[in-house]
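A.B. asks: 3D model of this:
(chains A and B)
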There are 2 protein chains.
Amino acid sequence: MTTMEMLERAKKAKAKAAQLTSGMKNLALDKMAEMLVEKTDEILKANETDLEKAKGVIGDVMLDRLRLTKERILSMANGIREVMSLEDPAGKTLAEFERPNGLKVTKISVPLGVVAIIFESRPNVAADAAALCIKSGNVCVLRGGKEAYASVGAIVEAMRDGLEKAGLAKDMISRVEDITRAGANELMTARGYVDLLIPRGGAGLIRACVDNARVPVIETGTGICHIFVDESADFEKALAIIENAKTSRPSVCNAEEVLLVHQAIAGKFLPLVKKRLTDDRKNNHPVELRLDARAMEIIDGVKASDADFDTEFLDYVLAVGVKDDLNAAIEHISLHSTGHSDAIITEDENAKTAFIASVDSAAVYVNASTRFTDGGEFGLGCEMGISTQKLHARGPMGLEALTGYKYVVTGNGHIR
Amino acid sequence: MTTMEMLERAKKAKAKAAQLTSGMKNLALDKMAEMLVEKTDEILKANETDLEKAKGVIGDVMLDRLRLTKERILSMANGIREVMSLEDPAGKTLAEFERPNGLKVTKISVPLGVVAIIFESRPNVAADAAALCIKSGNVCVLRGGKEAYASVGAIVEAMRDGLEKAGLAKDMISRVEDITRAGANELMTARGYVDLLIPRGGAGLIRACVDNARVPVIETGTGICHIFVDESADFEKALAIIENAKTSRPSVCNAEEVLLVHQAIAGKFLPLVKKRLTDDRKNNHPVELRLDARAMEIIDGVKASDADFDTEFLDYVLAVGVKDDLNAAIEHISLHSTGHSDAIITEDENAKTAFIASVDSAAVYVNASTRFTDGGEFGLGCEMGISTQKLHARGPMGLEALTGYKYVVTGNGHIR
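C.D. replies: Residues are numbered from 1 along each chain as shown, chains lettered A, B, ... in the order given. Model (predicted):
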């Protein structure tokens, strides 16, 4: 099917999806999960095809992301079932008031319509995204990476069968078959068809969407996250948080990339950082420290380039700088942060207040690891990605981020 | 000053603007209003220059929009002072919760940052927009049409003087001096500088922004608004609403452009429409009716082309169609509405419910004129434009639409 044919169908399914009751949505999710499990063999076979083609073409990390197992499929199905228990975000009365002239105005949450997700090699994104779309009354259009072509196809087919079993229109979930660059562009420029486009993947994909899209886009996921250790910091807390934020999962967007230290404590604290992140981790991924000139005077390490303070390493690498004071740290963060997650470690109430007020990131932390920026950790129950823009949704995007609102205005012959 | 120099300054003013207290914001607004009145002569002189240049180049309606008077300047100043009484939308706690692990999460409303407004010939938009930006803690960047160049310059200068009198950074309000197309493009593509771009003007301007922008945009204002007269409609209410929606101010986006009538009553109702909109208005802007084939069988009028049902006339012209039933009307609206404001006139509760559930427009009306879609009429106290997109803000955009949010996460050494 061409992308435009598919989008025509998706658009037609919009009104039906928007009017599903919560019960029907949950039935759909249940059947989608059921069919994923039932079609495990087909999905694994399709995945095998993808893996065969990808061997030697993509690296081991990517191959692992692409690989499905019986357990992974079961876990996808369980993920879909978990969404059943979340509150339906659509159809809520957000505000209700009567105007002096007697007009009644009600602001009601509504699905956005057709939500398109462009992602890369992890096929399970298809199930996560579809579940969130169905629960919020949206139609879901998926475009996976070309490495995952057969896998995503099989997963989408299983979910569409689930919709059919629930007595619903299959076109509430579909995928772009054309995985050429032109196909992606067609999706990005489908004004009037795509109500929201969410790119989930690396910086290159997100940049391509922002540059080419003519439909509304939410930028996700680029995180150059900072931790500033203030002069009043509790060193033990600070070291634990720094190690956790840098090393617990360096490949994710909420991992720490830059450490800034107050000059008053740098002489004492930086040697402890070096011990904790390098010496103590000799056999367990030691962290490469890239130091600015002032840090170089205190500890040994690689000399940092300017670019190191603007790089999302996604690896066991940490840029380290010494700052005159809290204000200098805040200024550095305002210039170099991607607005994802930034933290201060301090015991000083004034420093906390100033940092919170001045740092304009989706998540601003006090004495906690940046790794908590996550839909599950924030209690949203799920996540469609982490928005790093300020419009519409910011930070972890849960179900609510997949809705907008409309005004219902009721009169009795009112004219203006 | 080049656009980039100006944007650098605007970006620097962001942190200061975001941290203004409500009291400081109101002082700024008061001084801005004061200086506008104080500089009335300068502003009128600048306006005279613009008017001289524009004579013969633009039409009378546009010339009138461009023209300032002492009264209009006073009214701009009063408009700014009215914003003082509105609630500060920034710094509000939107949600607050503690996670099972003890992490405290607070969701706080924050200004968007730098808000750019591109507008056309009405210079007073500069004062409205600046007032809303300052009240919400945003930095305001203005780009008026080239016809209003000197007028907007004088208004902006007066408001900047007001900021200075209030002891604040003048760069919280500025304007693009380069009014070439390249200058507009520079603004639309200033990623990292412009947090939100709002085009206010005709369809051409909005289309240009959507096509060229690389910064977040909110589409405003195109309204192909429908009124459907159901079989159970009260004819008197219906006629009053239709006349009001079409003729009270045909040049605005919430005016009616299309009338749809249920076939069961068309034979009786359409002659009444013809009488009310044409015969009764012989000496007062009679409305030109453009009729579909079924309406042509009932009354006289111009035969409508297909395009007439997709045109924002902004004039005393109304496309009229006869529909089989409610569902046919809903289907027509879903295909042809711009999602601004659409109304049903009915006394039937089931029809109301179905119309409200199925019509996906920013404002859905029951027995009231579409002309009420307006920030003031909705009780928002002001308006930055009417959004016709679903992301972030929909319908009349008040102060709240100029804010986003951030999460503040407080722990005590929490790691994940």
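A.B. asks: domain ranges for chain A?
C.D. replies: Using automatic domain parsing, the domains assigned to chain A come out as A:3-218+A:397-410, A:225-372.
A.B. asks: pull the CA atoms of the strand ranked longest in chain A into CSV?
C.D. replies: In chain A, assigned by DSSP state E, the strand with the most residues is strand A:403-414. The C-alpha trace of strand A:403-414 is given here as CSV (Å, rounded to 0.1, in the frame of the first residue of the first chain):
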residue,chain,number,x,y,z
THR,A,403,-4.5,14.4,24.0
GLY,A,404,-5.5,18.0,23.3
TYR,A,405,-8.8,19.6,24.1
LYS,A,406,-11.9,21.2,22.6
TYR,A,407,-14.4,23.7,23.8
VAL,A,408,-18.1,22.8,23.8
VAL,A,409,-20.2,25.9,23.9
THR,A,410,-23.9,25.5,24.6
GLY,A,411,-26.4,28.4,24.2
ASN,A,412,-30.1,28.9,23.7
GLY,A,413,-30.1,31.1,20.6
HIS,A,414,-27.1,33.2,21.8
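A.B. asks: Can you list the strands that that strand pairs with?
C.D. replies: Partner strands and pairing direction for strand A:403-414 (DSSP bridges) are strand A:104-111 (antiparallel), strand B:363-368 (parallel).
A.B. asks: and it, which residues are buried?
C.D. replies: By 16 or more other CB atoms under 10 Å in any protein chain shown, the buried positions in strand A:403-414 come out as A:403, A:404, A:405, A:406, A:407, A:408, A:409, A:410, A:411, A:413, A:414. Heads up, the C-betas are built off the backbone N, CA and C, glycines and all.
A.B. asks: Which two among these are spaced furthest apart?
C.D. replies: Farthest apart among the buried residues of strand A:403-414 by CB to CB are A:403 and A:413. That separation is 31.7 Å.
A.B. asks: residue ranges for the helices of the stretch 1-150 of chain A, please.
C.D. replies: Along the stretch 1-150 of chain A, the stretches classed as helices by DSSP state H, counting those that start in this stretch are A:3-18, A:22-38, A:40-54, A:60-66, A:70-84, A:124-135, A:149-165.
A.B. asks: Can you name the residues that contact residue A:131?
C.D. replies: By CB atoms under 8 Å, 6 or more residues apart in numbering or on different chains, residue A:131 lies in contact with A:29, A:32, A:79, A:80, A:83, A:382.
A.B. asks: separation between it and residue B:255?
C.D. replies: 42 Å (CB to CB, to the nearest Å).
A.B. asks: Then residue A:37?
C.D. replies: Taking CB to CB as the measure, residue A:37 falls 55 Å from residue B:255.
A.B. asks: before we move on, what about residue A:169?
C.D. replies: As defined by CB to CB, residue A:169 lies at a distance of 36 Å from residue B:255.
A.B. asks: for residue A:108, same thing?
C.D. replies: 24 Å.
A.B. asks: excluding its backbone neighbours, what's nearest the closest residue to chain B within the stretch 1-150 of chain A?
C.D. replies: The nearest approach of the stretch 1-150 of chain A to chain B comes at residue A:112, 5.1 Å away (CB to the nearest CB). Leaving aside its chain neighbours, residue A:112 sits nearest to residue A:195 (4.5 Å; criterion: CB to CB, 6 or more residues apart in numbering or on different chains).
A.B. asks: Residue A:304 too?
C.D. replies: residue A:290 is the one closest to residue A:304 (CB to CB, 6+ apart), at 3.8 Å.
A.B. asks: Can you say which helix or strand has the one you found in it?
C.D. replies: Counting by DSSP states H and E, the element that carries residue A:290 is strand A:288-291.
A.B. asks: Contacts for that strand next, please.
C.D. replies: For strand A:288-291, contacts defined as CB under 8 Å, 6+ apart pick out A:273-274, A:277-278, A:295, A:299, A:301-305, A:308, A:316-321.
A.B. asks: Quick one, which of those are buried?
C.D. replies: A:273-274, A:277-278, A:295, A:299, A:301, A:304, A:308, A:316-321.
A.B. asks: follow-up on the earlier one: what's the most distant pair in the contacts of residue A:131?
C.D. replies: Between any two of the contacts of residue A:131 (CB to CB), the greatest distance is 14.5 Å, for A:32 and A:382.
A.B. asks: okay, those two: which has more neighbours?
C.D. replies: Taking neighbours as other CB atoms under 10 Å in any protein chain shown, residue A:32 and residue A:382 compare with residue A:32 leading, 28 against 18.
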